[in-house]
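Q: coordinates only, sequence not included:
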């Protein structure tokens, strides 16, 4: 009888232990599966807000040392590099939600100016804005940018010629600086953007053509002429190094517009540069129409734009959904847009974000193009929105940045 009781006791203990382990493993799996998908955006009061894309809510904030103006994500999507209005670089660790380092290139006699701006690059008026002026090393060691120093003497200020600089993220200092080549004697210019090759050895400068520069000597080693459309007399395609999260470190996807010489009708298209083969594929999408921004969804099957007619108080706007494979507009919906605004897309492409020129963030369903929620942040927004890609296997960089 006692032996039966002992056996029963051991059976109960084993069942409890097994059940507890199963519950713990289940909880761990659920925790892994339910990890939050986060987005980040800077505010005027020296903060980086953390937005949960699943909850559509602000779930935290990171205190910064200055007003953020530009945000660039590291290749491993573990850090965000903030350039504030004082031209100081702040390194934000996303896991700990803290500023782990600051790089100040100014001193008591001189002030640094980093050429890092959000600029219009797409078809002039009402153009989509992209951040230009800084490139992140895919290996996570360096930042590359154009730097100008303003030196103060007793009675006057001197603006030094621009230099291309290599900023070491470990030593937090400029470790190399180069004079620009003769054709870029004043820097890369307002229209140029650039991206570092996957091996960290070359800089691809997207201008009238694509210049490939050796980063060890800052000399031009190759040039990729940009193609002209198949019809005679049209303007060449112009490409821009953007921040598509599903490009990976070896690909640059860019919109382009080309105009014919007679009636100046524009053609909108999508180009993809393979940085390993240095080949470019051009895919026309459709006629270039008045639009404010164009975002490509993950998978590059769908695109979204804000179309407008009229001006000022008579302007009307609409969301358009583009099927990039069939070159058709498959959905459209009216949009009560603000006078000026930016828009971005979530990490999985299911939501569209409308923000800027104020303290609200409006969230739209990308399928229905209907507004689902309006977040009142009570803080003016100062940077683009940065989201993390959902599928790490689909991207080398794993990040998405909205238009700013």
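A: Cool, got the structure. Note that the structure is a prediction, hence the values are computed from the model and not measured. Numbering: from 1, shown residues only.
Q: Give me the pLDDT for residue 113.
A: Looking at residue 113, its pLDDT reads 80.
Q: Within the helices and strands, which one has it?
A: Element membership for residue 113 (DSSP states H and E) is strand 110-114.
Q: Pull out the buried positions in that strand.
A: Of all the residues in strand 110-114, those buried under the rule 16 or more other CB atoms under 10 Å are 111, 112, 113, 114. For glycine as for every other residue, the C-beta is placed from the backbone atoms N, C-alpha and C.
Q: what does stretch 210-228 give?
A: Buried, per 16+ other CB under 10 Å, within stretch 210-228: 210, 211, 212, 213, 215, 218, 224, 226.
Q: Can you read off the pLDDT for the residue lying closest to residue 91 once chain neighbours are set aside?
A: Excluding its sequence neighbours, the residue lying closest to residue 91 (CB to CB, 6 or more residues apart in numbering) is residue 101, at 4.0 Å. Residue 101 is assigned a pLDDT of 94 by the prediction.
Q: Pick out whichever of the buried residues of stretch 210-228 sits closest to residue 175.
A: residue 215 (11.8 Å; CB to CB).
Q: just the buried residues of strand 110-114 now: which is nearest residue 43?
A: For the buried residues of strand 110-114, the nearest to residue 43 is residue 114 (20.4 Å; CB to CB).
Q: Check the gap between that closest one and residue 83 for me.
A: Distance from residue 114 to residue 83, counting by CB to CB, to the nearest Å: 6 Å.
Q: I'd like the distance between residue 151 and residue 108.
A: Using CB to CB, one gets 11 Å for the distance from residue 151 to residue 108.
Q: For these two, indicate the residue with more neighbours.
A: Using other CB atoms under 10 Å as the criterion, residue 151 and residue 108 rank with residue 151 on top: 13 against 6.
Q: which one is residue 143 nearest to, not counting chain neighbours?
A: For residue 143, the closest residue by CB to CB, 6+ apart turns out to be residue 167, at 4.3 Å.
Q: Report the distance from the host helix or strand of residue 352 to the chain centre.
A: Using DSSP H and E, residue 352 sits in strand 351-355. Relative to its parent chain, strand 351-355 has a centroid offset of 14 Å by CA atoms, centre = their mean, to the nearest Å.
Q: shared neighbours of residue 114 and residue 83, anything?
A: Overlap of the contact sets of residue 114 and residue 83 (by CB atoms under 8 Å, 6 or more residues apart in numbering) consists of 89, 134.
Q: residue boundaries of the strands in the stretch 101-250 of the chain?
A: With strands called from DSSP state E, counting those that start in this stretch, the stretch 101-250 of the chain shows them at 110-114, 117-120, 129-132, 134-136, 142-152, 157-159, 163-168, 173-178, 193-196, 202-206, 210-214, 219-224.
Q: Relative to residue 306, which of those is closest?
A: Each of the strands of the stretch 101-250 of the chain was scored for nearness to residue 306 using CB to CB, and the closest is strand 129-132 (12.6 Å).
Q: For residue 345, find the nearest of the strands of the stretch 101-250 of the chain.
A: Nearest of the strands of the stretch 101-250 of the chain (CB to CB): strand 129-132, 13.7 Å.
Q: Rounded mean pLDDT for that closest one, please.
A: Rounded mean pLDDT across strand 129-132 is 44.
Q: Dihedrals phi and psi, residue 312?
A: phi 50, psi -130 (degrees, to the nearest 10).
Q: how near is it to residue 297?
A: Plainly put, residue 312 is 31 Å away from residue 297 if you go by CB to CB.
Q: low-scoring stretches of the stretch 51-200 of the chain, by residue?
A: Where the stretch 51-200 of the chain drops to pLDDT under 70, the residues are 115-133.
Q: Please enumerate the helices of the stretch 251-400 of the chain.
A: Using DSSP state H, counting those that start in this stretch, no helices are found in the stretch 251-400 of the chain.
Q: re earlier: which residues does the residue nearest to residue 91 contact?
A: 90, 91, 169, 172.
Q: re earlier: just checking, the residue nearest to residue 143 touches residue 145?
A: Yes: counting by CB atoms under 8 Å, residue 167 does reach residue 145; the two are 6.9 Å apart.
Q: pLDDT score assigned to the residue nearest to residue 291 when sequence neighbours are not counted?
A: Spatial nearest neighbour of residue 291, chain neighbours left out: residue 305 (4.5 Å); criterion: CB to CB, 6+ apart. pLDDT recorded at residue 305 is 92.
Q: Write down the beta-bridge partners of residue 305, one by one.
A: Beta bridges link residue 305 to residue 294, residue 320, judged by DSSP bridges.
Q: What are the buried residues along stretch 70-84?
A: So for stretch 70-84, counting by 16+ other CB under 10 Å, buried means 70-75, 77, 79-84.
Q: likewise stretch 289-304?
A: Residues of stretch 289-304 classed as buried: 291, 292, 293, 294, 295, 296, 297, 298, 300, 302, 303, 304 (neighbour count, 16+ other CB under 10 Å).
Q: how about the residues you listed in a markdown table, adding distance to residue 161?
A: Putting the buried residues of stretch 289-304 into a markdown table (distance: CB to CB, whole Å) gives the following:
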| residue | distance to residue 161 |
| --- | --- |
| 291 | 38 |
| 292 | 36 |
| 293 | 35 |
| 294 | 36 |
| 295 | 37 |
| 296 | 37 |
| 297 | 42 |
| 298 | 42 |
| 300 | 40 |
| 302 | 45 |
| 303 | 40 |
| 304 | 41 |
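Q: Closest one to residue 95 out of those, please.
A: residue 298 (23.5 Å).
Q: before we move on, back to that, out of the strands of the stretch 101-250 of the chain, which comes closest to residue 368?
A: Per CB to CB, nearest to residue 368 of the strands of the stretch 101-250 of the chain: strand 129-132, 26.0 Å.
Q: just to revisit the earlier point, burial check on the residue nearest to residue 291, number of neighbours?
A: 24.
Q: Who are the contact partners of it?
A: When contacts are counted by CB under 8 Å, 6+ apart, residue 305 touches 291, 292, 293, 294, 295, 319, 320, 322.
Q: Could you do residue 354 as well?
A: Taking CB under 8 Å, 6+ apart, we find residue 354 in contact with 335, 337, 338, 341, 342, 343, 361, 362, 363, 364.
Q: From the residues you listed, which one has the minimum pLDDT?
A: Among these, residue 337 has the lowest pLDDT, at 72.
Q: right, and that residue touches residue 317 too?
A: Yes: in this structure, residue 337 is within contact of residue 317 by CB under 8 Å, at 4.1 Å.
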